[in-house]
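Undergrad: predicted structure and sequence below. I'll ask about it afterward.
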Amino acid sequence: MFGKMDPFVVITYLGRDYQTKVHESGGKTPIWNHSFDIQLGSIKDDIQMKVKDDDMIGSKIIGEANLKASSLCINNGVRDWFKIYWEGKEVGLILLKSEYVPRGG
């Protein structure tokens, strides 16, 4: 999927970035096991996910996906694979697990 790279993921929601740690030499099968607490404004909102390579001359995007917040809230959370694209071509998959807790419990 990603070759010899040091990838990390940036999730952007409502202008705020949530970033995983870099998986050094993560290659084609990086594993982050990182979690974020994100308070949703609306399940209709968009969430942008970018996979980047941590390079000596800066990070570059190697794939991205755009999701609806609702796709992470089904049945109070999901564990599903999401397609990552670069320049209109599918370049891999990323496994996301979410837990949705409505306001007020």
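TA: Done, it's in.
Undergrad: any idea what sits nearest the residue nearest the centre of the chain, other than its immediate chain neighbours?
TA: Of all residues in the chain, the one closest to the mean position by Cα atoms, centre = their mean is residue 49, 4.1 Å from it. Nearest residue to residue 49, sequence neighbours excluded (Cβ to Cβ, 6 or more residues apart in numbering): residue 65, at 4.8 Å. Backbone N, C-alpha and C define where each C-beta goes, glycine included.
Undergrad: count of residues packed around the one you found?
TA: When neighbours are defined as other Cβ atoms under 10 Å, residue 65 has 19 of them.
Undergrad: for my notes, confirm it occurs in a strand.
TA: Yes. Under DSSP: H, G, I helix; E, B strand; the rest coil, residue 65 falls within a strand.
Undergrad: ok now do it, which residues does it touch?
TA: Neighbouring residues of residue 65 by Cβ atoms under 8 Å, 6 or more residues apart in numbering: 48, 49, 82, 83, 84, 85, 94.
Undergrad: tell me what the residue nearest to the centre of the chain is bridged to.
TA: On the basis of DSSP bridges, residue 49 is bridged to residue 11, residue 65.
Undergrad: my guess is it meets residue 64, correct?
TA: Yes. Between residue 49 and residue 64 there is a contact at 6.4 Å, judged by Cβ atoms under 8 Å.
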